[in-house]
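Engineer: Quick one, structure for this:
(2 chains)
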Amino acid sequence: MYEFAYHKPSSVADAVKLLSADPEARPIAGGHTLLPALKHRLARPTALVDLSGIAELRGIRREGDKVVIGALARHAEVANSDAVKGAIPALARLAGTIGDVQVRNRGTLGGSVANNDPAADYPAAVLGLGATVVTDRRRIAADDFFTGMFSTALEPGELLVAIEFPIPEKAGYAKMKNPASRYVMTGAFVSRGPQGVRVAINGAGPCVFRQREMEAALAANWSPDAVANIRQSPDGLNSDIHGSAEYRAHLVTVMAKRAVADAG
Amino acid sequence: MPQVTLTVNGKKHTVEVEPRTLLVELLRETLRLTGTHVGCDTSQCGACVVHVNGDSVKSCTTLAVMCDGAEVTTIEGLARPDGTLHPMQEAFREYHALQCGFCTPGMVMSAIDLVQKNPQGLSEEEIRHGLEGNLCRCTGYHNIVKAIAAAQEVMHGRRKELARAAE
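Structural biologist: The predicted model follows:
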């Protein structure tokens, strides 16, 4: 790793001030994506702004018809949270399948969503539930948040503070994991609720996306059979040593079926 | 340089670290606790697992400076001062759950966290699933799983002594 300075602010306002004053500074939460990137010298931040001392970023709570999860919530906390398990069990199950035990003990919701790795799990839940991303300065709908591979609507210096998940009637998630890395080859998060019927596909393309044809089919008939004959086009999907675009396109249908079955 | 104070195996240390110092580097190079290993250095293999505030974490992917105030337990902190092994260590020995031994410290630390957080008891499948973050290239995991299954009985007080391995 290259050298960097270290700051540990105790409020969101102070963190934003530090990040805004130095465009080359980066926030760090669990560090399970950032630290490997720094070790490979893929990034060279001048400073890391450690968010772990900011109480405002913590907490998981139910507020009426939504569950609000602070950006610093670790995957293990979301997986074991009674509030999440009771209101959106599919989200708790998803969190319990990210990486491995030790990754879940460090990695955070905010870090994963702000990073927007195409093979990450959480973006599928955020888009598939129609969640709202709350930052230090505004609220961003999931449909406007994920803008491309590793890119989001967050502006330089803008900090993700929490995510509000509307509580669905039904939700389910299924993924095909790469057997070595455990990253998502293709996954599907489906839900039916206040945000209508939503189908979000992760892992398959450069960025999580909604499968509108499947959404329409499920709105008419909520069952795995409804999506069984809908084919995803491989155009624009990822193709690499782990799988071709055609393979991932095939998996979109299979995972969507399984996700609907998971939702019940 | 920033100063960090952390309690390692019950002993308080205050040390100056560069911000880029990893927890595993602090443990191995500054405190000379070399039982914690670095295998892949990319947070996949689990040879570097230690407990930080009661959770198993990969110390190769944790900055030392972020552990200010933390309680850290390493493999060296498990046995009693008189040398009596922790039930998990004893089980690894009894069930021959190691060959080369490189992954063993991380395996034992992960296994203890897994058992402590599951007082209801773990099935063989749950143990295997719980070891996803630890790689062993010698044993095929079979004896590791047997050792953890036996150790949990002692750790949760359901047995006074470790069940002996079949002859």
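
Engineer: and stretch A:49-57, is it in reach of chain B?
Structural biologist: Yes: legend: contact between stretch A:49-57 and chain B by C-beta under 8 Å from any C-beta of the partner chain is shown at A:50, A:52. For the C-beta atoms, the positions are set from N, CA and C on the backbone; glycine is no exception.

Engineer: show me what contacts the closest residue to chain A within chain B?
Structural biologist: Closest to chain A within chain B is residue B:133: 3.0 Å, counting by C-beta to the nearest C-beta. Residues near residue B:133 by C-beta atoms under 8 Å, 6 or more residues apart in numbering or on different chains: A:99-103, B:44, B:46, B:49, B:58, B:110.

Engineer: Mark which of those residues are buried, thanks.
Structural biologist: For these, a burial check counting by 16 or more other C-beta atoms under 10 Å in any protein chain shown picks out A:99-103, B:44, B:46, B:49, B:58, B:110.

Engineer: out of those residues, which one sits closest to residue B:31?
Structural biologist: Each of those was checked against residue B:31 using C-beta to C-beta; the closest is residue B:49, at 16.6 Å.

Engineer: Can you classify residue A:182 as helix, strand or coil?
Structural biologist: coil (DSSP: H, G, I helix; E, B strand; the rest coil).

Engineer: repeat for residue A:187
Structural biologist: strand.

Engineer: burial of it, as a residue count?
Structural biologist: Using other C-beta atoms under 10 Å in any protein chain shown, residue A:187 has 32 neighbouring residues.

Engineer: likewise the one 3 residues further on?
Structural biologist: Other residues near residue A:190 come to 35 when the count uses other C-beta under 10 Å.

Engineer: which SSE is the residue sitting nearest the centre point of chain B in?
Structural biologist: By C-alpha atoms, centre = their mean, chain B has its centre lying nearest to residue B:109, at 1.6 Å. Assessed by DSSP states H and E, residue B:109 sits inside helix B:104-116.

Engineer: And the contacts of that helix?
Structural biologist: A:101-102, B:35-37, B:39, B:45-51, B:54-56, B:73-75, B:78, B:86, B:88-89, B:92, B:97-98, B:122, B:127, B:130-131, B:133-134, B:136, B:144, B:147-148, B:151-152, B:155-156.

Engineer: Can you tell me which of the residues you listed end up in helices?
Structural biologist: A:101-102, B:88-89, B:92, B:127, B:130, B:144, B:147-148, B:151-152, B:155 (DSSP state H).

Engineer: between these, which is closest to residue B:9?
Structural biologist: For the ones in helices among the contacts of helix B:104-116, the closest approach to residue B:9 (C-beta to C-beta) belongs to residue B:89, at 14.2 Å.

Engineer: Show me the helices in the stretch 1-150 of chain A, by range?
Structural biologist: For the stretch 1-150 of chain A, the helices defined by DSSP state H, counting those that start in this stretch cover A:12-21, A:34-39, A:75-80, A:82-87, A:89-95, A:101-106, A:109-115, A:122-128, A:142-145.

Engineer: As CSV, those with distance to residue A:235 would be great.
Structural biologist: CSV is the format used below for the helices of the stretch 1-150 of chain A (distance: least, C-beta to C-beta, whole Å):
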stretch, distance to residue A:235
helix A:12-21, 37
helix A:34-39, 30
helix A:75-80, 33
helix A:82-87, 36
helix A:89-95, 27
helix A:101-106, 33
helix A:109-115, 25
helix A:122-128, 20
helix A:142-145, 21
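
Engineer: Just put the contacts of residue B:133 in JSON lines and tack on pLDDT.
Structural biologist: As requested, the contacts of residue B:133 are exported to JSON lines (pLDDT from 0 to 100):
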{"residue": "A:99", "pLDDT": "94"}
{"residue": "A:100", "pLDDT": "95"}
{"residue": "A:101", "pLDDT": "97"}
{"residue": "A:102", "pLDDT": "97"}
{"residue": "A:103", "pLDDT": "96"}
{"residue": "B:44", "pLDDT": "92"}
{"residue": "B:46", "pLDDT": "97"}
{"residue": "B:49", "pLDDT": "98"}
{"residue": "B:58", "pLDDT": "98"}
{"residue": "B:110", "pLDDT": "98"}
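
Engineer: wait, which of those residues is closest to residue A:184?
Structural biologist: residue A:99 (10.9 Å).

Engineer: Near the spatially closest residue to residue A:28 that is not a sequence neighbour, how many other residues are there?
Structural biologist: Of all residues not flanking residue A:28 in the chain, residue A:48 sits nearest, at 4.6 Å (C-beta to C-beta, 6 or more residues apart in numbering or on different chains). As a burial measure, residue A:48 scores 25 neighbours (other C-beta under 10 Å).

Engineer: ok, residue A:48 - contacts?
Structural biologist: Residue A:48 makes contact with A:4-7, A:25-28, A:34, B:19, B:63 under the criterion C-beta under 8 Å, 6+ apart.

Engineer: if we can go back for a sec, counting neighbours, which bits of the helix holding residue B:109 end up buried?
Structural biologist: Neighbour-count burial for helix B:104-116 flags B:104-115 (criterion: 16+ other C-beta under 10 Å).

Engineer: That's all I had, so thanks and see you.
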